[in-house]
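# Pasting a predicted model and its sequence here:
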Amino acid sequence: DAKTTQPPSMDCAEGRAANLPCNHSTISGNEYVYWYRQIHSQGPQYIIHGLKNNETNEMASLIITEDRKSSTLILPHATLRDTAVYYCIVRYYNQGGKLIFGQGTELSVKP
Amino acid sequence: DAGVIQSPRHEVTEMGQEVTLRCKPISGHNSLFWYRQTMMRGLELLIYFNNNVPIDDSGMPEDRFSAKMPNASFSTLKIQPSEPRDSAVYFCASSLGLPTDTQYFGPGTRLTVL
């Protein structure tokens, strides 16, 4: 079973920041937080991951709370092409490759 | 660089027929994963290989499903005999070294069993 809780859907205006929350209250010390997204009918796409510290790459920023029980994925300037289902995944470092996908958040970016 | 390549992209077959899905991982990647996506169950891992060896097949639904990786650049997922409940999108993914590395997904094969 997925160890994360995400809102089923969110809307965001084009050009604004999209902030996608994720709760993972049972996360343990060796578990990473990963984010993937899936644009309709395509394969999931890796976005970012982190353990304790906040992370940023060319796609997004990941903010992890100090107690690590929740995190937020930030798309700084959402575009229509960011419309997708976003998955937050908690992954034990030695879990043997498993990505356990939950239901994700369906983000709709509107003009 | 070419990403993960899957074929066919769409497959329609009749119940009872054998179905073979194919995957070519990214060159140099040592781990390969097969996932299945349905509306009811979402995305679920079926099996994964590391250095061509199956490591975890606990997600394979039943004996009708089998997967092979004869070499580092090719894998197959076979369903024999197929059933309507096997209708789904099947994704292949690969990662660089350890299974814990970032996984890159292919475009998927949409299977319809009539």
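Yes, it's here.

# In space, not sequence, find me the middle residue of chain B.
B:Trp34 (3.2 Å; Cα atoms, centre = their mean).

# Helix or strand: which one has it?
strand B:31-38 (DSSP states H and E).

# Check which helices and strands that strand sits against.
Secondary-structure packing of strand B:31-38 (3 or more Cβ pairs under 8 Å, 6 or more residues apart in numbering or on different chains; DSSP states H and E): strand B:42-50, strand B:74-79, strand B:88-95. Quick note: C-beta positions are derived from backbone N, CA and C, even for glycine.

# from these, which stretch is densest packed?
Highest mean neighbour count of the helices and strands packed on strand B:31-38: strand B:88-95, a mean of 24 (counted as mean count of other Cβ atoms under 10 Å in any protein chain shown).

# I'd like to know the beta-bridge partner residues of the residue nearest to the centre of chain B.
B:Ile47, B:Cys92 (DSSP bridges).

# Provide a list of residues in contact with it.
B:Cys23, B:Leu45, B:Leu46, B:Ile47, B:Tyr48, B:Ala67, B:Ser75, B:Leu77, B:Tyr90, B:Phe91, B:Cys92 (Cβ atoms under 8 Å, 6 or more residues apart in numbering or on different chains).

# Ok, B:Pro8 next?
B:Leu21, B:Arg22, B:Thr109 are the contacts of B:Pro8 under Cβ under 8 Å, 6+ apart.

# Of those, which belong to strands?
B:Leu21, B:Arg22, B:Thr109 (DSSP state E).

# Throw the residues you listed into JSON lines and include pLDDT, thanks.
Formatted as JSON lines, the ones in strands among the contacts of B:Pro8 follow (pLDDT from 0 to 100):
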{"residue": "B:Leu21", "pLDDT": "98"}
{"residue": "B:Arg22", "pLDDT": "98"}
{"residue": "B:Thr109", "pLDDT": "98"}
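
# Kindly supply the ChimeraX command isolating those of those residues that are buried.
Buried residues within the ones in strands among the contacts of B:Pro8, by 16 or more other Cβ atoms under 10 Å in any protein chain shown, are selected in ChimeraX with:
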select /B:21,109
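
# Reformat the helices and strands packed on strand B:31-38 into JSON lines and put mean pLDDT next to each item.
Output for those, formatted as JSON lines (pLDDT from 0 to 100):
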{"stretch": "strand B:42-50", "mean pLDDT": "92"}
{"stretch": "strand B:74-79", "mean pLDDT": "98"}
{"stretch": "strand B:88-95", "mean pLDDT": "96"}
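
# I'd like those laid out as JSON lines, including distance to B:Val113.
Shown next, in JSON lines, are those (distance: least, Cβ to Cβ, whole Å):
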{"stretch": "strand B:42-50", "distance to B:Val113": "16"}
{"stretch": "strand B:74-79", "distance to B:Val113": "8"}
{"stretch": "strand B:88-95", "distance to B:Val113": "9"}
